[in-house]
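K.L.:
Dropping the sequence and predicted coords here.
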Amino acid sequence: MTPPYDITPKILKQITVISEKIGEINANYLHKPSPQLRKQNRIKTIHSSLQIEGNTLTEEQITALIEHKRIIGPEKDVLEVLNAIKVYDDLKKYKFSVEKSFLKAHQELMGGLIKSPGDYRKQGVGIVKGTQVTHVAPPFEQVPHLMKDLFEYLKKDDELPLIKSCVFHYEVEFIHPFLDGNGRMGRLWQTLILMSEYPVFEFLPFETLISQTQDAYYQSLALSDKSGKSTPFIEYMLGVIQQSLENLLNYNNLILKDIDRLEYFLSLGIKEFSRKDYMNVFKDLSSATASRDLKKGVELNMFKNIGNLNKTIYRLK
């Protein structure tokens, strides 16, 4: 059974824009970001997804944990981050359409944090904000059946992954299959569904934008609950995905430092190139900055230069 939602003109427009941006990213090789950019985005993803759940660790502390350094912080928060690092490092081992894989991911994400991680809840739950109950989840007896139906939906081939990922994310929040960890599992699994079609999403930290727009996130969940359809949440999430793709396309010389730019350029696998080739990748770069970058690359022994002035060619050693 397909969960209820409507395809609105807004959703159609969002899908068109997102598809265009993914095409632009693929054309610019940005779906293969440099190791440095991948690491930064993974840190942002983990930081934002856990911050939404009240984790207090900073990006600097998460970086230290990724680098196997000791930090001082609340034990629970540290364990949440260590679990998330492991899960996101092993992202490709999970199968988005397999329920057992979903339960295994929850077990690893919530291990040591709750009783029986990886098991569906055995009691009723409600979500309370302040003094108000904002959502009463379906009775626990229905959870296995509802989740089975949801994974059957994921196997459908006639559904766009962009829509499927949003619907699944919403339904996990609505069903609330676990006692804890539902939000982070919804976001994790949306990433996994999107990755199955578009590799760029492995390193696209859209959780950062959810973290920055939490009021709108919860409002779209509430509106979907009220209407009995996930349409408002789909519109919200597609907006977040669209903005995240725009941010990646704008990741230019204002953010990239010279070493990051050189690392990224070399990751494209170009063996021989000119300054013009370099500037074609970094379109907002001045010729003076490009020359400085390439000079630094030669000094750092990343490649050698042949020829003079405008006729200089750079070649990997």
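P.N.:
Nice, thanks for sending it over. Fair warning: this is a prediction, and the values are worked out from it, not measured in the lab.
K.L.:
pLDDT at the spatially most central residue of the chain, what is it?
P.N.:
Nearest to the geometric centre of the chain sits residue 205, at 3.8 Å (C-alpha atoms, centre = their mean). At residue 205, the model reports a pLDDT of 84.
K.L.:
Contact partners for it?
P.N.:
When contacts are counted by C-beta atoms under 8 Å, 6 or more residues apart in numbering, residue 205 touches 41, 42, 44, 45, 48, 244. Just so you know, the C-beta spots here come from the backbone N, C-alpha and C atoms, and that holds for glycine as well.
K.L.:
gap between it and residue 36?
P.N.:
14 Å (C-beta to C-beta, to the nearest Å).
K.L.:
Where do the strands of the chain begin and end?
P.N.:
Along the chain, counting by DSSP state E, strands occupy 126-129, 132-136, 272-273, 303-306, 313-316.
K.L.:
Make TSV out of these and add mean pLDDT and mean neighbour count.
P.N.:
Converted to TSV, those look like this (pLDDT from 0 to 100; neighbours: other C-beta atoms under 10 Å):
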stretch	mean pLDDT	mean neighbour count
strand 126-129	78	12
strand 132-136	80	12
strand 272-273	93	15
strand 303-306	92	14
strand 313-316	92	15
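K.L.:
okay, those in CSV with distance to residue 297 next?
P.N.:
CSV is the format used below for these (distance: least, C-beta to C-beta, whole Å):
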stretch, distance to residue 297
strand 126-129, 53
strand 132-136, 54
strand 272-273, 11
strand 303-306, 6
strand 313-316, 7
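K.L.:
now for these, which one comes closest to residue 112?
P.N.:
Residue 112 lies closest, by C-beta to C-beta, to one member of the strands of the chain: strand 126-129, at 23.6 Å.
K.L.:
Send me the closest one as CSV with only the CA atoms.
P.N.:
Extracted C-alpha coordinates of strand 126-129, given in CSV (Å, rounded to 0.1, in the frame of the first residue of the first chain):
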residue,chain,number,x,y,z
GLY,A,126,3.5,10.2,22.4
ILE,A,127,5.6,13.3,21.6
VAL,A,128,5.3,16.1,24.1
LYS,A,129,6.4,19.7,23.5
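K.L.:
May I have the strands that pair with it, each with its orientation?
P.N.:
Strand 126-129 sits in its sheet next to strand 132-136 (antiparallel), going by DSSP bridges.
K.L.:
centre of the chain versus the partner strand, how much separation?
P.N.:
For strand 132-136, the separation from the chain centroid amounts to 28 Å (computed by C-alpha atoms, centre = their mean, to the nearest Å).
K.L.:
cool, and stretch 38-54?
P.N.:
On C-alpha atoms, centre = their mean, the centre of stretch 38-54 falls 9 Å from the chain's centre.
K.L.:
Now for residue 308, how many residues are close by?
P.N.:
7 (other C-beta atoms under 10 Å).
K.L.:
Local confidence estimate at it?
P.N.:
pLDDT, residue 308: 82.
K.L.:
now that we have the contacts of residue 205, which one has the most neighbours?
P.N.:
Within the contacts of residue 205, neighbour counts (other C-beta under 10 Å) peak at residue 45, which reaches 24 neighbours.
K.L.:
So it versus residue 151, what's the distance?
P.N.:
Taking C-beta to C-beta, one finds residue 45 at 24 Å from residue 151.
K.L.:
Ok, residue 163 next?
P.N.:
Relative to residue 151, and taking C-beta to C-beta, residue 163 is found at 16 Å.
K.L.:
Then residue 235?
P.N.:
For residue 235, the distance to residue 151 (C-beta to C-beta) stands at 24 Å.
K.L.:
Between these two, which is the more surrounded one?
P.N.:
residue 235 (19 against 16).
K.L.:
from memory that one sits against residue 12, does it?
P.N.:
No - using C-beta atoms under 8 Å, residue 235 is not in contact with residue 12, being 10.8 Å away.
K.L.:
What is the most widely separated pair among the contacts of residue 205?
P.N.:
42 and 244 (14.1 Å).
K.L.:
Over to residue 120: give its phi and psi.
P.N.:
phi -70, psi 150 (degrees, to the nearest 10).
K.L.:
can you pull the contacts of it?
P.N.:
Residue 120 touches 103, 140, 143, 144, 147, 177, 178, counting by C-beta under 8 Å, 6+ apart.
K.L.:
Which pLDDT value goes with it?
P.N.:
Per the predicted model, pLDDT is 98 at residue 120.
K.L.:
ok, back up a step: any chance of the contacts of residue 205 in TSV, with pLDDT too?
P.N.:
Below are the contacts of residue 205 laid out as TSV (pLDDT from 0 to 100):
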residue	pLDDT
41	86
42	90
44	91
45	93
48	94
244	91
